[in-house]
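*Asks:* A structural model of the following input is requested.
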Amino acid sequence: MKPIRSLLSIILLFTFGCSSENKDFEIENPTTEAIYFPPINSDTWETLSPLKLNWNTNALDELSLFLETSNTKSFIILHKGKIAFEQYFNGHTNTTPWYWASAGKTLTSTITGIAQDQGLLNINNKVSDYLGAGWTSTTLEKENLITCKNLLSMTSGLDDTLGDAVSSNDLQYIADANSRWAYHNVYVKLQDIVAQASNQTWTNYFNQNLKNKIGMTGTWIPVGDLSVYWSNTRSMARFGLMLSANGLWENTQIVSQFFIEDATNTSQNINEAYGYLWWLNGKSSFRLPQSQFEFSGKLIPNAPNDMYCALGKNDQKIYIVPSKDLVVIRMGDAADDTNFALSTFDNDLWEKINAVTN
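*Replies:* Below you'll find the model as predicted:
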């Protein structure tokens, strides 16, 4: 499989490497046909009429009402990169920043992939290769079992019941790495790894290698031991668009297609619905934060099977659907009860989206 993927990558780079104009841009590739990229130095963004897509405009009105009555602040649907639907509610605008919450984990995943592409790190290496021994409170033997990939896949084996802090005293052994899946803030150590490996601050590396290259706005805001990303909704859409284009932005490969494929497929054999900090739909079972219970069926039954998504507290959402050329963004307050990632809102929302697009 690897040689085939390598050949495809060479073909894509050869095809797209001929233009360097920094303006509205479309590319052709075997899976997505014409993908539109908005200019990186402007907030202009080409739109596409829902009528041209043969969408149900009556259902679009119902979707809008549903969003407004479920505490949504902003909502965007991209089709092949163009804005097919965009709405803002309750004084929120296309320039208002809002927090990504755990949807921002996918930023950390992507930056880790970029650093690996650049040869700065290898996700199969143990964390202590970069942070030194003693970054946890486990024995050295158990600590050395934990790799960067374990942080990406939530299989560190560290105790997730001790709170949100990630100092060494708070990172205690509960199981061997690779033997237990648990949603844990220890993933944030990947930011320290990237900073150490690149000899830069996390923010500088992030800005230079992702934010500035695709025209995002926003900033990392410290919250305890973590940093939460805040940006406008279109910046979240830019990030989703880049992922949907197999890591490309215009003629530049931001992160390798190889890493994206690994990140958006099952990363371990415990939680089928989890990649590298991405949630995956269409699997036969899934696990959720703060639980060791395995649920049968798809993560979001009403959503397409090939969808992968970033899910953040209080219903911050990035949905990417390759089969439909869709990127869907939702920011706002919790639609119902406060939640960590998945909520009943996901399934209800996709019922409304399906009524529009099917």
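*Asks:* host element of the residue nearest the centre of the chain?
*Replies:* In the chain, the centroid-proximal residue (Cα atoms, centre = their mean) is residue 106; its distance is 3.3 Å. Following DSSP states H and E, one finds residue 106 within helix 105-117.
*Asks:* same for whatever helix or strand comes next after that helix, what does it pack against?
*Replies:* Scanning forward in sequence from helix 105-117 by DSSP H and E, the next helix or strand is helix 128-131. Under the contact criterion of 3 or more Cβ pairs under 8 Å, 6 or more residues apart in numbering; DSSP states H and E, helix 128-131 touches helix 189-198. Glycine gets a C-beta too; all of them are placed from N, C-alpha and C.
*Asks:* Could you give the average pLDDT over the helix holding residue 106?
*Replies:* Averaging pLDDT along helix 105-117 yields 98.
*Asks:* Stretch 226-237 now?
*Replies:* On average, stretch 226-237 scores 97.
*Asks:* With stretch 331-340 instead?
*Replies:* Here the average pLDDT along stretch 331-340 is 83.
*Asks:* rewinding a little: identify the residues contacting the helix holding residue 106?
*Replies:* Defining contact as Cβ atoms under 8 Å, 6 or more residues apart in numbering, one finds that helix 105-117 is touched by 100, 121-123, 148, 152, 187-188, 190-191, 193-194, 197-198, 205-206, 209-210, 229, 239, 243, 254-256, 259-260, 263, 276-278, 310, 318.
*Asks:* Provide a ChimeraX selection command restricted to the buried entries of the residues you listed.
*Replies:* Buried subset of the contacts of helix 105-117, written as a ChimeraX selection, criterion 16 or more other Cβ atoms under 10 Å:
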select :100,121,123,148,152,187,188,190,191,193,194,197,198,205,206,209,210,229,239,243,254,255,256,259,260,263,276,277,278,310,318
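*Asks:* per-residue pLDDT, residue 163?
*Replies:* 89.
*Asks:* I'd guess it is in a strand, am I close?
*Replies:* No - the assignment for residue 163 is coil, going by DSSP: H, G, I helix; E, B strand; the rest coil, so no strand is present there.
*Asks:* residues in contact with the nearest residue to it once chain neighbours are set aside?
*Replies:* Once flanking residues are discounted, residue 163 sits nearest to residue 170: 6.6 Å by Cβ to Cβ, 6 or more residues apart in numbering. Residue 170 is in contact with 137, 162, 163, counting by Cβ under 8 Å, 6+ apart.
*Asks:* so residue 76 makes contact with residue 237?
*Replies:* Yes - using Cβ atoms under 8 Å, residue 76 is in contact with residue 237, at 5.0 Å.
*Asks:* In terms of neighbours, single out the busier of the two.
*Replies:* Applying other Cβ atoms under 10 Å to residue 76 and residue 237 shows that residue 237 carries more neighbours, namely 26 against 22.
*Asks:* Using the three-state scheme, assign the more buried one.
*Replies:* Quick answer, by three-state DSSP: residue 237 is helix.
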